[in-house]
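K.L.:
Here is a sequence together with a model predicted from it:
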Amino acid sequence: MQAAAISEHDNKIIKDIDGELFLPISAIYGPNGGGKTNVLEALHTLDSKVLRPLCATCDKADCDYKARKIPVEPFAFSKQARDQPTEFEVFFRTIKAEYRYILHVKEDEVVYESLDRVKMDTGRRSALFRRDAGSIELKGVFGKLKISEELSSTLPLISYLGITYKKNEIVNDVLNWFEDCVDFLNYGNPYQELRTAIARSEGIKQLVLDMIKEMDLDIEDFRVEEKDHEHIEIFTKQPDLWNYVAHR
């Protein structure tokens, strides 16, 4: 999302407090089979690996779809890659800091994990933790936190910290980004999109209603009711009358 040195549409560029420039929107394009979907699936897999343990202990209604397990699959067309860990690395920003999170996973086991931070107000860089197959080292502001000796090898450390230290400011800052700042809408499955987006978001629902209005359809409102994990019912409202539309 970082902006290149271009002169067009510079009034739309987002400038952060440290002078870094970011785009309000980005697109991934290319030929069929070029890897566009894999980029998004990699981010989706990482998001699921981090959030799934937290969602398993959560009572929020919108946590169900995040609790689904997405297997970490190695690149199948290379003998060498098949036996190597799958490596994820993501840089992201919140109001408070920029973070660099790295996770290496092999057959669902965490073989390496680290988290670094740059504070937005001071620019100070610091390592927060390092984890490999044999040890865990908590650093800086995480130095006083305690880790169970029986920590599962399949559980990311950041997820463990989210479960154990729910009130820690930095832990919450990191996990809130994964939970609230990354959304996936599957336009290949519109009913799944309705379940995971419209039913949870008044903003997206209003956007859809505005589009319906522009098409001059006599629909004032709609609602999506989830009957079970696999089925939903859709109702639309015309003047003073709710209509059953579809069941999927």
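P.N.:
Great, that's in hand.
K.L.:
Helices of the protein, start to end?
P.N.:
36-55, 79-82, 157-164, 169-180, 190-193, 202-214 (DSSP state H).
K.L.:
most tightly surrounded among those?
P.N.:
Of these, the one with the most neighbours on average (mean count of other Cβ atoms under 10 Å) is helix 157-164, at a mean of 20. The way it works is simple: take the backbone N, C-alpha and C, and place the C-beta from them, glycine included.
K.L.:
tell me the centre residue of the chain?
P.N.:
residue 182 (3.5 Å; Cα atoms, centre = their mean).
K.L.:
How much space separates that residue from residue 176?
P.N.:
With distances taken as Cβ to Cβ, to the nearest Å, residue 182 is found 11 Å from residue 176.
K.L.:
can you check residue 140 too?
P.N.:
On the measure of Cβ to Cβ, residue 140 and residue 176 end up 20 Å apart.
K.L.:
just residue 223 next, same as before
P.N.:
28 Å.
K.L.:
cool, residue 170 as well?
P.N.:
11 Å.
K.L.:
ditto for residue 219
P.N.:
Distance, residue 219 to residue 176, by Cβ to Cβ: 35 Å.
K.L.:
One more: residue 102?
P.N.:
19 Å.
K.L.:
Check residue 126 too.
P.N.:
With distances taken as Cβ to Cβ, residue 126 is found 19 Å from residue 176.
K.L.:
One more: residue 41?
P.N.:
Distance from residue 41 to residue 176, by Cβ to Cβ: 23 Å.
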